[in-house]
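Undergrad: Okay, here's the prediction I keep looking at, along with the sequence it came from:
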Amino acid sequence: MSPSPARIWVVALRVVRQLKRDRRTIGLITFAPIMLMILFGYALSGEMSGINLGLVDGGGHQLLRGNLESMSDFDVLHLGSESDAQRLIAEGRLDGAVVLAPEGVRVLLDASSPQISDAIAAAVQAGAAGERATGSGGN
């Protein structure tokens, strides 16, 4: 037994009348989804800033170094040795470190925040790809 169109119309009209009388429901129907979209959009935007990155410069890789220093997402701290970087990461003062050496690049990460670790790794990979493209890797 299917409902008749007239019966559906009567029920719809009754719902509209109830909504006109109840202003709170209208507010919830319109403003709650808007507020949730704003909240989730902000929380899931993926933008990060203020990532504390240590940079140990052992020579070479000028393009990668310049790329990391120019990124506004990172607060770059120049360090003297890899052991300093490991100590500061263990203390929680650095989110990660990049060790530039003539023989290669090492990335040290604090695994407490996968999102920050991924951002650091992606920046190093992008810089290394730029070095390979220009043929200046290690120089």
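TA: Structure received.
Undergrad: dump the residue contacts of Leu77.
TA: Neighbour list for Leu77: Asn52, Leu53, Gly54, Leu55, Leu88, Leu94 [criterion: CB atoms under 8 Å, 6 or more residues apart in numbering]. For glycine as for every other residue, the C-beta is placed from the backbone atoms N, C-alpha and C.
Undergrad: Hmm, the second one is touching Val98, no?
TA: Okay, so that is Leu53. Yes: applying CB atoms under 8 Å, one finds Leu53 in contact with Val98, separated by 6.8 Å.
Undergrad: Give the helix, strand or coil label for Ser112.
TA: coil (DSSP: H, G, I helix; E, B strand; the rest coil).
Undergrad: measure the closest residue to it other than its chain neighbours to Asn52 for me?
TA: Distances taken as CB to CB, 6 or more residues apart in numbering put Gly92 closest to Ser112, at 8.0 Å, once the chain neighbours are dropped. Going from Gly92 to Asn52 by CB to CB, to the nearest Å gives 9 Å.
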